[in-house]
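Give me a model of this one.
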Amino acid sequence: MSHSTNFQSERPGKIRVALIQQSCSPNLTDNWDKLSANIHKAATQGANLIVLQELHNTPYFCQTENVDNFNLAEPIPGPSTERLGELAKADDVVIVASLFEKRAPGLYHNTAVVLERDGKIAGTYRKMHIPDDPAYYEKFYFTPGDLGFHPIPTSVGCLGVQVCWDQWYPEGARLMALQGADLLIYPTAIGFESSDTAEEQQRQRDAWQAVQRGHAVANGLPVITVNRVGLEPDPSGQTNGITFWGSSFVYGPQGELLACASQNEEEILLVEIDLERSEQVRRWWPFLRDRRIEAYEPILQRFIDAE
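Numbering: from 1, shown residues only. Okay, here's the model as predicted:
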């Protein structure tokens, strides 16, 4: 599949975004059928841009370190981008997808792909920050991205796409904003382990939303995050699995909550976003104007030791 070169000069004012929040089962055919139906349903409801959750084709396989899981990976372009491209073209929508990329033998990435309305690949982003925590053993599978932080021009705007763990880092969001991103977008897979207390679970979800709300405010841009939902057992039995907390959301450029999905239900969340509002917000709050870029060089250090 070739890369799209059309549409990129269009600058829409308002777009209608669909966030598809769903569960995943070990039956990959069922996952695809459900996803395809939801993409078509979102398009018929007027969506221009459809955003999918992280690694939507399969269960979240990173709960264990298992070499057989590498068989789930595929090249880009490949079967999934071909199928998603057909869906994008048939429904005249832009799709943000999230795939397990096989780049070369022994070299794999967690990669977001944007499909344009003509069905072609508008661009890709390889996840830069790779976690390695209990039940999130991603460093076993994914090589850190090497494409940098660059927004992807499309017919619905310039998309600053990152993936999950990237959402905790302000640097990536700011770099996307400084290169003209109209939206910040994060396909996600995050949830609770059952041993966490109810209070701890609430703190985790609140922090997850708060840090991304901060990206919206600091950069004057809408933020879109799509999470999966439902319990996925740990195949190793070492934990009680992950209960993904859903709560997919959209924040506006002042951190205003435009929409939020449920914590435990599959759903299509439709949101209208006014891209022109970011310009007005940045006139009121000119954070980019007042940055002291000449003083920021120390941030490139791993840690700043006291002298």
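
Can you report phi and psi for Ser262?
Main-chain torsions, Ser262, degrees, to the nearest 10: phi -70, psi 170.

from what I can see it touches Phe249, true?
No: counting by C-beta atoms under 8 Å, Phe249 is not a contact partner of Ser262; they are 11.0 Å apart. C-betas here are computed from N, CA, C, even on glycine.

Report the buried residues of the longest strand along the chain.
Longest strand in the chain by number of residues (criterion: DSSP state E): strand 94-104. For strand 94-104, burial by neighbour count (16 or more other C-beta atoms under 10 Å) applies to 94-102.

swap in stretch 248-260?
Residues of stretch 248-260 classed as buried by neighbour count (16+ other C-beta under 10 Å): 248-255, 258-260.

now, among those, which is nearest to Ala210?
Using C-beta to C-beta, Gly255 comes nearest to Ala210 of those, at 9.4 Å.

give me the low-pLDDT residue ranges for the stretch 201-307 of the chain?
307 (pLDDT under 70).

just to revisit the earlier point, out of the buried residues of stretch 248-260, what pair is the most spread apart?
Ser248 and Gln254 (19.8 Å).

Can you point out the buried residues in stretch 57-75?
By neighbour count on 16+ other C-beta under 10 Å, the buried set for stretch 57-75 is 57-64, 69, 72-73.

what's the span of it, first residue to last?
End-to-end distance for stretch 57-75, by C-alpha to C-alpha, to the nearest Å: 14 Å.

helix or strand right after the longest helix seen in the chain?
When the chain is scanned for its longest helix (criterion: DSSP state H), the result is helix 198-219. Sequence-wise, the next helix or strand downstream of helix 198-219 (DSSP states H and E) is strand 223-226.

partners of that following strand, with directions?
strand 183-187 (parallel), strand 249-251 (antiparallel) (DSSP bridges).

could you dump it to CSV, C-alpha only?
Extracted C-alpha coordinates of strand 223-226, given in CSV (Å, rounded to 0.1, in the frame of the first residue of the first chain):
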residue,chain,number,x,y,z
VAL,A,223,-6.4,15.7,23.3
ILE,A,224,-8.0,12.4,22.2
THR,A,225,-7.3,9.2,24.1
VAL,A,226,-8.9,5.8,23.4
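
which residues touch it?
By C-beta atoms under 8 Å, 6 or more residues apart in numbering, the residues outside strand 223-226 that reach it are 17, 19-21, 51-54, 167, 183-188, 212-213, 215-216, 248-251, 271.

What ranges does the stretch 201-307 of the chain have for its strands?
Ranges of strands in the stretch 201-307 of the chain, per DSSP state E, counting those that start in this stretch, are 223-226, 229-232, 242-245, 249-251, 257-260, 267-274.

for the fifth one, packing partners?
Spelled out, it's strand 257-260. Strand 257-260 is packed against strand 249-251, strand 267-274, with contacts defined by 3 or more C-beta pairs under 8 Å, 6 or more residues apart in numbering; DSSP states H and E.

and what of the third one?
Taking 3+ C-beta pairs under 8 Å, 6+ apart as the contact definition, the neighbouring helices and strands of strand 242-245 are strand 191-193, strand 229-232.

Partner strands of the first one, with direction?
Each strand that pairs with strand 191-193, with its direction, by DSSP bridges: strand 242-245 (antiparallel).

can you check the last one too?
Its sheet considered, strand 229-232 pairs with strand 242-245 (antiparallel) by DSSP bridges.

just to revisit the earlier point, ranking the helices and strands packed on strand 242-245 by burial, who's on top?
Of all these, strand 191-193 has the most neighbours on average by mean count of other C-beta atoms under 10 Å, namely a mean of 22.

For that strand, give me every contacting residue.
The contact list for strand 191-193 (C-beta under 8 Å, 6+ apart) reads 134-135, 201, 204, 227-228, 239-245.

Dump the helices and strands packed on strand 242-245 into TSV; add distance to Arg174 as well.
Shown next, in TSV, are these (distance: least, C-beta to C-beta, whole Å):
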stretch	distance to Arg174
strand 191-193	27
strand 229-232	30
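
Let me know which of those is the nearest to Pro144.
Of all the helices and strands packed on strand 242-245, strand 191-193 sits nearest to Pro144, with 22.9 Å by C-beta to C-beta.
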